[in-house]
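In: okay, predicted coordinates and the sequence, questions at the end:
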Amino acid sequence: MNAFLAIDLPALLAAVLATVACGTLGNWLVLRKESMTADAIAHAVLPGLVAGYLVSGSRSMGAMLAGAALAGVASVLLSAAIRARTRLEAGAVLGVVFTAFFALGVVLLETQGARQIDLDPSCVLFGSLETLFVAAPEGGSWLAGVPGEIWLLAAAAVLALAFHALLAKELAALAFDPLHARLSLRSPRALERALLAATSAAIVASFAAVGSILVVALVACPALIAAPHARSVGGQLSLGLALSIPLVGAAYFAAAHAPSLFGTATALNAAGMIAVLLVAAVPASHGVARVIRRLA
């Protein structure tokens, strides 16, 4: 098996699948002006990940994902409870609750021995794309050695696309005409919670592979890159993914070949490079749109 199939392709697949999962649902969060919710969730799941390890005694994917999901739900419920009992603005509540959850996770990382299994702050922030590789048994198929993280991300991507396909009309009403949505939809609050739950699932599935920094970029940037050029919700989603996926691939190879491209001593972190390129593409896209409008 050559190096590309064993090392580069699994990491690229993980990054692309995370882009599809997070970008599809993030498109609706951006339309609802709630993209920072993803940042909050990405920080809130950390103590759950660590707790899952501590309970299971190993990096069991099932235990850590269950812990992350429970932490995400707990943080959302706590935020709702604080808002119900105080007059604090929603953004302030999110900032306090999710920062506290993230700080608790960091404390657990440093004090409970989780760092001994490569679950450390660096891994949490920047993920572990470089550690995803195919180790197929001798004479076995490539699929037999695909890491579990990739299958999980594939499931998250399918879930996100299905959620969009089934509920696009209702989500559009919720995003563009909340009053009409409250009157016409049977349960708009349930739909909001379903969107939040689906986004949480995509973030949790992506967290271990790409880290919290890139998760936030993947939720917000595809929609923001496409927004100046799109003429419909579906067009914004399709264009955002169509532009973002090549950027993800380019950033991955730029990080891998950084010594020859940038003169660095070693390769750079792939997730960090992807986040930088996606974030840089947002103002570039808006600048291109302004130039096109002036020339039109």
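Out: Perfect, thanks for sending it. None of the values given here were measured: they were computed from a predicted structure.
In: show me where pLDDT drops low in the stretch 101-250 of the chain?
Out: 112-124, 136-140, 142, 144, 180-181, 183, 185 (pLDDT under 70).
In: hmm, try it at 80
Out: 106, 109-128, 130-131, 133-146, 177-189, 193, 207-208, 212 (pLDDT under 80).
In: show me where it has its strands.
Out: Remark: no strands are assigned in the stretch 101-250 of the chain by DSSP state E, counting those that start in this stretch.
In: and the top helix by length along the chain, which residues are buried?
Out: Among the segments of the chain that qualify as a helix by DSSP state H, the longest is helix 188-226. Going by neighbour count (16 or more other Cβ atoms under 10 Å), the buried part of helix 188-226 is 188, 191-192, 195-196, 198-226. To be clear about C-beta, it is placed using only N, CA and C from the backbone, and glycine gets the same treatment.
In: and V93, what is it in contact with?
Out: Residues near V93 by Cβ atoms under 8 Å, 6 or more residues apart in numbering: 79, 82-83, 86.
In: one more time with 6 Å
Out: Neighbouring residues of V93 by Cβ atoms under 6 Å, 6 or more residues apart in numbering: 79, 82-83.
In: got it, and V210?
Out: 18, 127, 271.
In: try 8 Å
Out: 14-15, 18, 127, 129, 218, 271, 274.
In: okay, and which of those map to helices?
Out: Per DSSP H, the contacts of V210 map to helices at 14-15, 18, 218, 271, 274.
In: need the contact list for the nearest residue to L277 once chain neighbours are set aside.
Out: Counting by Cβ to Cβ, 6 or more residues apart in numbering, A251 is the residue found nearest to L277 once chain neighbours are left out, at 4.1 Å. Counting by Cβ under 8 Å, 6+ apart, A251 makes contact with 270, 273-274, 276-278.
In: repeat that for 10 Å
Out: 15, 214, 268, 270-278, 280-281 (Cβ atoms under 10 Å, 6 or more residues apart in numbering).
In: now these in CSV, with distance to G62?
Out: As requested, the contacts of A251 are arranged in CSV below (distance: Cβ to Cβ, whole Å):
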residue, distance to G62
A15, 23
L214, 23
L268, 32
A270, 26
A271, 23
G272, 28
M273, 30
I274, 27
A275, 28
V276, 32
L277, 33
L278, 30
A280, 37
A281, 35
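In: ok, the ones in helices among the contacts of V210 vs G91, which is closest?
Out: L218 (21.3 Å; Cβ to Cβ).
In: separation between the closest one and E34?
Out: 15 Å (Cβ to Cβ, to the nearest Å).
In: could you do G95 as well?
Out: 14 Å.
In: next, S35: phi, psi?
Out: The phi/psi pair for S35 (degrees, to the nearest 10) reads phi -60, psi -30.
In: my bad, N269
Out: Dihedral angles for N269 - degrees, to the nearest 10 - are phi -70, psi 130.
In: so who does it touch?
Out: 122, 125-130, 211, 213-214, 255, 258, 275-276.
In: one more time with 7 Å, if that's ok
Out: 126, 255 (Cβ atoms under 7 Å, 6 or more residues apart in numbering).
In: more neighbours, G95 and E34?
Out: The residue with more neighbours, out of G95 and E34, is E34; 20 against 16, by other Cβ atoms under 10 Å.
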